[in-house]
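Novice: Any chance you can model this:
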Amino acid sequence: MSTTAIMRCLYYLPAFFAAVDAIVLFRRKLHREVPWFATYLIFAAVSLTVLGVLFELHNPAVNFFGGWIADLVLVTLATLFILEGWQNLLHEYPAVKRLGTIVVIVVALVLLIIAAVTAPYGASTYDIMSYVVVKVTIIGMRSARFVLVGLIVSFFAFTTYLALSWKHFQFGILLGYGLYCAASLACKAYQTKMMGAGIFIQIGVIDSTAYILTLILWLTYLLRSESSRPTPLIPPTAKADLEHWNEALSDLMNKKPEKANVD
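Specialist: Residues are numbered from 1 along each chain as shown. From the prediction side, this is the model:
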């Protein structure tokens, strides 16, 4: 297969699967539960199609900057639907939800500090000015993927501690994106070391394949939920424990300090 044909596949195949996922999501009216995820799928399908058309124009600069702008928007939307998953998880339990929000903020701050400290490493192979923009964009995307992977890992650690079921489609959304982020993070880390036209194509094939597998995983979760009885977000076995947690945390947060007795 020629390089041109491979590049077309890298754009149009993910766009196709993203469109299929969006259709199934809207068909089941699940977009009301996960509006940011629905927006992400629509933008992914449209932007990848547009990038495929731009590739046909044979203008590397336009294609490069267009691709990074699309990636920036997609990462922003991904961050929003990850936070959306946290919010949907415990919307019935405000005290536990507040605790989860604190966990997210702490984890995000720690990950941002680590990403900032490690940003200069692994990007010193080339010092040619023509590679400066490429390095900055790759390192920025690598740092963003690192933070998102950390947030998703903390999400599953938190939900595992609360004994929540992973069968609900919202867990599938975060699981799929977490696996893709891990693969993409490895690609970005390797890409900062090895610059060149050949490596971009190789990394693109790996990244696109991981993304297609993620889209297929999302589709599997959506179709499985459609063909069977909907899986509750919070199973009965964990509901009682969460209610006790919520009551205890509510009492703790609403407890007012006793005033000291004045003689």
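Novice: Can I get stretch 146-157 in PDB, CA atoms only?
Specialist: Extracted in PDB, the C-alpha atoms of stretch 146-157 (Å, rounded to 0.1, in the frame of the first residue of the first chain):
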ATOM      1  CA  PHE A 146       0.000  12.200  30.800                       C
ATOM      2  CA  VAL A 147      -2.500  14.300  32.800                       C
ATOM      3  CA  LEU A 148      -5.500  12.600  31.200                       C
ATOM      4  CA  VAL A 149      -4.100   9.100  31.800                       C
ATOM      5  CA  GLY A 150      -3.500  10.000  35.500                       C
ATOM      6  CA  LEU A 151      -7.100  11.300  35.900                       C
ATOM      7  CA  ILE A 152      -8.600   8.200  34.300                       C
ATOM      8  CA  VAL A 153      -6.400   5.900  36.500                       C
ATOM      9  CA  SER A 154      -7.500   7.800  39.600                       C
ATOM     10  CA  PHE A 155     -11.100   7.600  38.400                       C
ATOM     11  CA  PHE A 156     -11.000   3.800  38.200                       C
ATOM     12  CA  ALA A 157      -9.100   3.500  41.500                       C
END
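Novice: got the buried residues for it?
Specialist: The neighbour-count check on stretch 146-157 (16 or more other CB atoms under 10 Å) flags 146, 147, 148, 149, 150, 151, 152, 153, 154, 155 as buried. No exception for glycine: its C-beta is placed from N, CA and C like everyone else's.
Novice: Run through the residues that contact the last one.
Specialist: Contact partners of residue 155, counting by CB atoms under 8 Å, 6 or more residues apart in numbering, are 82, 85, 86, 174.
Novice: among those residues, which two are most distant?
Specialist: Spatial extent of the contacts of residue 155 (CB to CB) is set by the pair 86 and 174 at 9.2 Å.
Novice: So between the two, which is more surrounded?
Specialist: residue 174 (25 against 21; other CB atoms under 10 Å).
Novice: The helix or strand where that one lies: what's the following helix or strand?
Specialist: Assessed by DSSP states H and E, residue 174 sits inside helix 169-191. Per DSSP H and E, the first helix or strand lying C-terminal to helix 169-191 is helix 197-227.
Novice: Just the buried positions in that next one, please.
Specialist: Applying 16+ other CB under 10 Å to helix 197-227 flags 203-204, 207-208, 210-212, 214-215, 217-219, 221-222, 225 as buried.
Novice: which strands and helices sit next to it?
Specialist: The contact analysis (3 or more CB pairs under 8 Å, 6 or more residues apart in numbering; DSSP states H and E) places helix 197-227 against helix 3-27, helix 169-191.
Novice: quick revisit: pull the CA atoms of the helix holding residue 174 into PDB?
Specialist: Provided in PDB are the C-alpha atoms of helix 169-191 (Å, rounded to 0.1, in the frame of the first residue of the first chain):
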ATOM      1  CA  PHE A 169     -21.300   2.500  29.100                       C
ATOM      2  CA  GLN A 170     -19.800   5.500  30.900                       C
ATOM      3  CA  PHE A 171     -17.000   3.300  32.300                       C
ATOM      4  CA  GLY A 172     -16.500   2.000  28.800                       C
ATOM      5  CA  ILE A 173     -16.000   5.500  27.500                       C
ATOM      6  CA  LEU A 174     -13.300   6.300  30.100                       C
ATOM      7  CA  LEU A 175     -11.700   2.800  29.800                       C
ATOM      8  CA  GLY A 176     -11.400   3.100  26.000                       C
ATOM      9  CA  TYR A 177     -10.000   6.600  26.100                       C
ATOM     10  CA  GLY A 178      -7.600   5.700  28.900                       C
ATOM     11  CA  LEU A 179      -6.100   2.900  26.800                       C
ATOM     12  CA  TYR A 180      -5.800   5.100  23.800                       C
ATOM     13  CA  CYS A 181      -4.100   7.900  25.900                       C
ATOM     14  CA  ALA A 182      -1.600   5.400  27.200                       C
ATOM     15  CA  ALA A 183      -0.700   4.200  23.700                       C
ATOM     16  CA  SER A 184      -0.600   7.800  22.400                       C
ATOM     17  CA  LEU A 185       1.500   8.900  25.300                       C
ATOM     18  CA  ALA A 186       4.100   6.200  24.400                       C
ATOM     19  CA  CYS A 187       4.000   7.400  20.800                       C
ATOM     20  CA  LYS A 188       4.500  11.000  21.700                       C
ATOM     21  CA  ALA A 189       7.400  10.100  24.100                       C
ATOM     22  CA  TYR A 190       9.100   8.200  21.300                       C
ATOM     23  CA  GLN A 191       8.400  10.900  18.800                       C
END
